[in-house]
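> Following is a predicted model, sequence given first.
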Amino acid sequence: MATGFPLVSRLKRYVLLRWSGAIPLHVLIVRDMLILGTLLNVVTTIASLIVLAAGAPVPLGFAVFLLPLPYNLFIFGCVWRSAGQVGGIWGNLSCILAAVWLVGATIL
C-alpha cells in the first residue's frame, strides 16, 4: 500500500525491522549503534558547540546536543531485545556493550 510518503514508509520499515528482531544482532551493534549512532552523536555535539559559539542561548545548544537521544534509546532497546533472543554469553556481552555505548554517547 503506497502512502505517497516514501520517506515515512522507509522510516517505518527501518523501525519495525529493528524492533522486531529481524535485523541480526551484529548488524545492529556494528552498523546501527557503533557507526551510525556514534556518527550522529558526534555531528550533533559539534553542531551544538557551533550553535553555542554563535551566541545562541544555552538551552538551544543543549537541545541540539540532545537531538540524538531518542535514536540512542531506540537502538539501545533494539540491541537489548535482540540480545535476549540470542541469549548466552554473546547476548550478555551485547547488553553490556549497548549500555556502555548509551552512557558514552549520551555524555559525549
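Right, received. Where do you want to start?

> so where is the chain shaky, pLDDT-wise?
1-4 (pLDDT under 70).

> same thing but at 90, please
Within the chain, the ranges that satisfy pLDDT under 90 run 1-7, 87, 107-108.

> what are the ranges of the helices in it?
For the chain, applying DSSP state H gives helices covering 6-19, 25-27, 38-53, 58-65, 69-86, 88-107.

> chain center to the first one: distance?
The gap between where helix 6-19 is centred and where its chain is centred comes out at 14 Å by C-alpha atoms, centre = their mean, to the nearest Å.

> Which strands or helices does it pack on?
Contacting helix 6-19 under the criterion 3 or more C-beta pairs under 8 Å, 6 or more residues apart in numbering; DSSP states H and E are the following elements: helix 69-86. For the C-beta atoms, the positions are set from N, CA and C on the backbone; glycine is no exception.

> What is the helix it packs on packed up against?
Counting contacts by 3+ C-beta pairs under 8 Å, 6+ apart, helix 69-86 packs against helix 6-19, helix 25-27, helix 88-107.

> what's the offset of the shortest one from the middle of its chain?
Shown here is helix 25-27, whose average C-alpha point lies 14 Å from the average C-alpha point of the whole chain (C-alpha atoms, centre = their mean).

> who's in contact with the closest residue to C95 other than its chain neighbours?
Once flanking residues are discounted, C95 sits nearest to A83: 4.9 Å by C-beta to C-beta, 6 or more residues apart in numbering. Listed by C-beta atoms under 8 Å, 6 or more residues apart in numbering, the contact partners of A83 are L25, W90, G91, N92, S94, C95, A98.

> how about the third one, what does it touch?
For G91, the contacting residues are L25, A83, G84, Q85, taking C-beta under 8 Å, 6+ apart as the criterion.

> Please repeat the previous calculation with a cut-off of 7 Å.
A83, G84 (C-beta atoms under 7 Å, 6 or more residues apart in numbering).

> cool, the last one as well?
The contact partners of A98, taken as C-beta under 7 Å, 6+ apart, are M33, F76, V79, W80.
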